[in-house]
Every structure is written in C-alpha cells, then in structure tokens.
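Enquirer: kindly return the folded structure for what I paste below:
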Amino acid sequence: MGLFVFFATITLCLVVDSSAVLERFEEAPKPDGSLSFLVIGDWGRGGAYNQSQVAVQMGVIGEQLDIDFVISTGDNFYDDGLRGIDDAAFNYSFTKIYTAPSLQKPWYNVLGNHDYRGDVEAQLSPVLTNLDKRWVCLRSYVVNAEVAEFFFVDTTPFVGKYFTEPEDHVYDWSGIGPREQYISNILEDVDLALRESNAKWKIVVGHHAIRSAGHHGDTKELVNQLLPILEANNIDLFINGHDHCLQHISSLDSGIQFLTSGGGFKAWKGDVKWWVPEEMKLYHDGQGFMSVKITQTQVDIAFYDVFGNVLHKWNTSKQLSSTL
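Expert: Residues are numbered from 1 along each chain as shown. Next up is the predicted model:
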C-alpha cells in the first residue's frame, strides 16, 4: 500500500529546458527545504560479497534520515553489465536486494566501466523503469532539487585505456561515436548547465574518480578535461565510485570535496596509495556507503561501514543570500 502511495505522490518529471542540452529532472525537497540522500557505488553482485548486508544498513540509515532518493555512482551490474532488458540480474542484483521501505525512492544512476561491458542501452531503457519505478539512468543529465543541483556525467568514454587496451573485455560503444565529439559535447553541456545554475549547492556525480588514493587513483583524463570546468564553476562536491572504498579528499587547491562511495560489495583491502595527510580526511578499505543532508546553509556528510557504524563526518556551511 505504502509503495503505491509513494509513487502516486512523488514529483519526478522530465522537463524541457530550451537553454540546456542535458535532460533534466525535478526532485522536490522536503517542506522545510532540506534534502537528504544516500550514495552507493559498485554494487551489483546478486547480494554476494556483503552487498545484501550493505543494503540492510542503507535501509536503516535511510529511514533515520528520511531520504529523498539514492545516488548510484556506477558499476551497477557485475561483471559485464546487463545482457539485455530481460536480464534477470536487474531483479536479483537490484530489485530483490534493496527492499527496505526507505529505499523505495528514485535511484539516480550513472554508468560505470563494467556497465559498458554489457548492453548499455538496456540500462538506459524505459523498460527497466517499468519493471522497477525507482530506476532512473541516462548517460549524462541534471537533477534539480531547488536547494541543490546534481550534474551526472558519463565518465567512462573519457578513459583512453578502454579503447587502446581492451584486455579481454568488449565494450559497448554504440551511441557515443565519434568519441572525441561525444566527450566535447559532454564538456560543453556540463559547463553550460553549471554556468546557468542558480542552485545554492552544485554537486557533480561520475563513476571515475578525479582524486583518489585507491587502486585506480586519479583519472588523468578527468583531471585534464573535466576538473578545470568544475573549478571554474565553483562546484561544492564531486562524488564518484570506481575505487572499491570509502574516501574523502578535501582539496587544498580549490573548495571541491572529492568523495568516493564505491563500497557496495567487494572492497579492496590494503590497496591504498600515499596521499597528502592534510587533504585525506577518510580512507576506508571496506564496504559501506555515504549519506548527505543539505539545507540552504549547510551540507552534512557521513560515511558508514557494512555494520552501519559511522566512520567519518564532515560539514560545511554557506550564508543565506540577501535579497533587496
């Protein structure tokens, strides 16, 4: 009963904005203007490697925080994405895992490199949304939640080694060629959307890290191509997955907080590189997830382990804008 009431009342609609190329969604904040959500990445394993245990704790914390939605930072289905729109993995790795009442909210997803090893169009298909109304997945898009605006970026095509060193993997590049033009379009679209945004808080989400002490480390293509745009537009948070850890790097060079939530299932224990201590606020080489609460004046972030224990908290504030 509650599930049907939720979907009858939620305001989740695609709108057309003539001044922006990226598709846009509207997500209504709470009556007091606040917004809260969870972030999970690198999770689709049919419940294995503690995926189910992480999901249980997400349900608990989601209820405590009365979350509005969930963000997935990609690698939604392992090892090789979905085979098609009828792949049972969508059910046994997503629908039947994240069953808590608090998680029956929109899931805003980006694609990861493992997703590109399967049928990419399957994850983008409205057929999946018909199967599970929570599922929202586009390549790059914007979610406007009034107090904050979220810019989801398709980062996998930026990474050159997937094209030059395919190893034993086959990637589904249909829909992005020619690659250089595709990347150029993303950068232009994100820059335009960020420049036009009047949101108090600007948050960018992608699968690959810009800054990371984890196994994969910095993604040089994003550092060179995307980061200058983010810095020029004074974004607040960059959220990613890819490295199977939980991580918070507070940049000394800009106001950007680099947040990794890639602990949805199997973590890479002990796989960490040296990082500037003044910037490294958290590195946890285990499973878990992240929560964010946003108001007009403050952002509160927390990281949780597989048992629901708080590993790290951080907050920042801004003054309310005065209007004459």
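
Enquirer: how much space between the residue nearest the centre of the chain and E196?
Expert: Nearest residue to the geometric centre of the chain (Cα atoms, centre = their mean): T73, 3.2 Å. Between T73 and E196 the distance is 24 Å, computed by Cβ to Cβ, to the nearest Å. Every C-beta, even on glycine, is put in place using the N, C-alpha and C of the backbone.

Enquirer: next up, the contacts around Q296.
Expert: 33, 147, 200, 318, 320 (Cβ atoms under 8 Å, 6 or more residues apart in numbering).

Enquirer: and the helices in the chain?
Expert: Ranges of helices in the chain, per DSSP state H, are 2-9, 51-65, 89-90, 120-124, 126-131, 161-164, 179-196, 220-225, 227-232.

Enquirer: and those, which one is worst for confidence?
Expert: Of all the helices of the chain, mean pLDDT reaches its minimum on helix 2-9 (a mean of 38).

Enquirer: before we move on, back to that, any chance of the contacts of Q296 in CSV, plus neighbour count and distance to H248?
Expert: As requested, the contacts of Q296 are arranged in CSV below (neighbours: other Cβ atoms under 10 Å; distance: Cβ to Cβ, whole Å):
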residue, neighbour count, distance to H248
G33, 13, 25
V147, 18, 22
K200, 19, 21
K318, 13, 19
L320, 8, 26
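
Enquirer: pLDDT weak spots in the stretch 1-150 of the chain?
Expert: 1-20 (pLDDT under 70).

Enquirer: so which residues of it form strands?
Expert: 12-15, 23-27, 35-40, 69-72, 107-109, 135-137, 141-144, 148-153 (DSSP state E, counting those that start in this stretch).

Enquirer: other SSEs contacting the fourth one?
Expert: The contact analysis (3 or more Cβ pairs under 8 Å, 6 or more residues apart in numbering; DSSP states H and E) places strand 69-72 against strand 35-40, strand 107-109.

Enquirer: and I85, what is it in contact with?
Expert: 119, 122, 125, 127-128.

Enquirer: closest to F163 out of those residues?
Expert: Using Cβ to Cβ, D119 is the member of the contacts of I85 that lies nearest F163, at 18.7 Å.

Enquirer: next, the contact list for that closest one, please.
Expert: Contact analysis of D119 by Cβ under 8 Å, 6+ apart lists 81-85, 87, 172.

Enquirer: now with 7 Å, please.
Expert: By Cβ atoms under 7 Å, 6 or more residues apart in numbering, D119 lies in contact with 81-84, 172.
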